[in-house]
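**Student:** Okay, here's the prediction I keep looking at, along with the sequence it came from:
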Amino acid sequence: MSQRSKRLPRAVREQQMIDAAIQVFSERGYHSAIVTEIAERAGVSKPMVYLYLGSKEDLFLACVRSCARELTAALQEYARPELTPEQRLWQGLTAFFTFVADYPERWNVLYQQAAKHGSTIAAGVAEARDQILLDVTRLVRDDPATGQQTPPDRTRMSDKEAEFVARALVGAADSLTDWMRSYPDEGPEQVTRRLMTMVWVGMGNAHAGQIWSPPG
């Protein structure tokens, strides 16, 4: 029985199409990608792609959401109540860089290809990125709801401060993915260690009430 004639559950077949589309969008870019090639790689007909996932724009958004779900699942795994905020951030950032290293085509679609499109796609991309930002905010915040105790020499990070740190981390991590590809000897754990060295020590000082002021 050929691949085309196999009857698979809709969800399985749809994911096959999305996986093939992620590869093609990453390699060709959105505008140069053609649905015919995506269908061929997925082992289905072109009309089936349109039937399952709609237009090319709809298909691209499905790819973005799929990539975002995978990344947020990797981050959420480490937002566990038994971990300290430092452990959550360390393991979460390691998971982030591991995702980028293991699935470069997904990262390309989610953060590089997706940034090049208009308002319709931008709304879907913004939703996906907001979820990632929310997960990173949870990683850096010492939330009493998790059951963690704030150390006596530190004040709890406010929601505003946590969001600021999360945005800085996501921006730094985005830039560091390109740096990591330029230095293949720097694996996910090494890159995370470098970033934690810069960030966590400073966060500790901020928690203790130290504030930097311009010299002079």
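**Tutor:** Noted; the coordinates are in hand.

**Student:** domain ranges for this structure?
**Tutor:** Annotated domains of the chain cover 8-54, 65-202 [automatic domain parsing].

**Student:** So which bits of stretch 125-135 are buried?
**Tutor:** Residues of stretch 125-135 classed as buried: Val125, Ala128, Arg129, Gln131, Ile132, Asp135 (neighbour count, 16 or more other C-beta atoms under 10 Å). The way it works is simple: take the backbone N, C-alpha and C, and place the C-beta from them, glycine included.

**Student:** With stretch 30-49 instead?
**Tutor:** Buried residues in stretch 30-49, counted by 16+ other C-beta under 10 Å: Tyr30, Ala33, Val35, Glu37, Ile38, Ala39, Ala42, Gly43, Val44, Met48, Val49.

**Student:** TSV for those residues, including distance to Gly171, secondary structure and pLDDT?
**Tutor:** Listed next are those as TSV, based on distance: C-beta to C-beta, whole Å; DSSP: H, G, I helix; E, B strand; the rest coil; pLDDT from 0 to 100:
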residue	distance to Gly171	secondary structure	pLDDT
Tyr30	23	coil	89
Ala33	27	coil	94
Val35	34	helix	96
Glu37	33	helix	97
Ile38	31	helix	97
Ala39	37	helix	97
Ala42	34	helix	95
Gly43	39	coil	93
Val44	38	coil	94
Met48	39	helix	95
Val49	35	helix	96
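
**Student:** Give the other helices and strands that whichever helix in the chain runs longest contacts.
**Tutor:** In the chain, with assignment by DSSP state H, the single longest helix is helix 159-182. Packing partners of helix 159-182 (3 or more C-beta pairs under 8 Å, 6 or more residues apart in numbering; DSSP states H and E): helix 85-102, helix 119-140, helix 188-207.

**Student:** Can you tell me the element the residue nearest the centre of the chain falls in?
**Tutor:** Per C-alpha atoms, centre = their mean, the C-alpha nearest to the average position across the chain is that of Leu71, at 4.3 Å. Using DSSP states H and E, Leu71 falls within helix 56-76.

**Student:** Now do that helix against helix 119-140: the angle between them, please.
**Tutor:** 0 degrees (axes from the mean of the first three to the mean of the last three C-alpha atoms, to 10 degrees).

**Student:** Quickly, which of the domains of the chain bottoms out on average pLDDT?
**Tutor:** Lowest mean pLDDT within the domains of the chain: domain 65-202, at a mean of 78.

**Student:** quick one on the thing from earlier: for Ala11, find the nearest of the helices and strands packed on helix 159-182.
**Tutor:** Ala11 sits nearest to helix 119-140 of all these, at 19.5 Å, using C-beta to C-beta.
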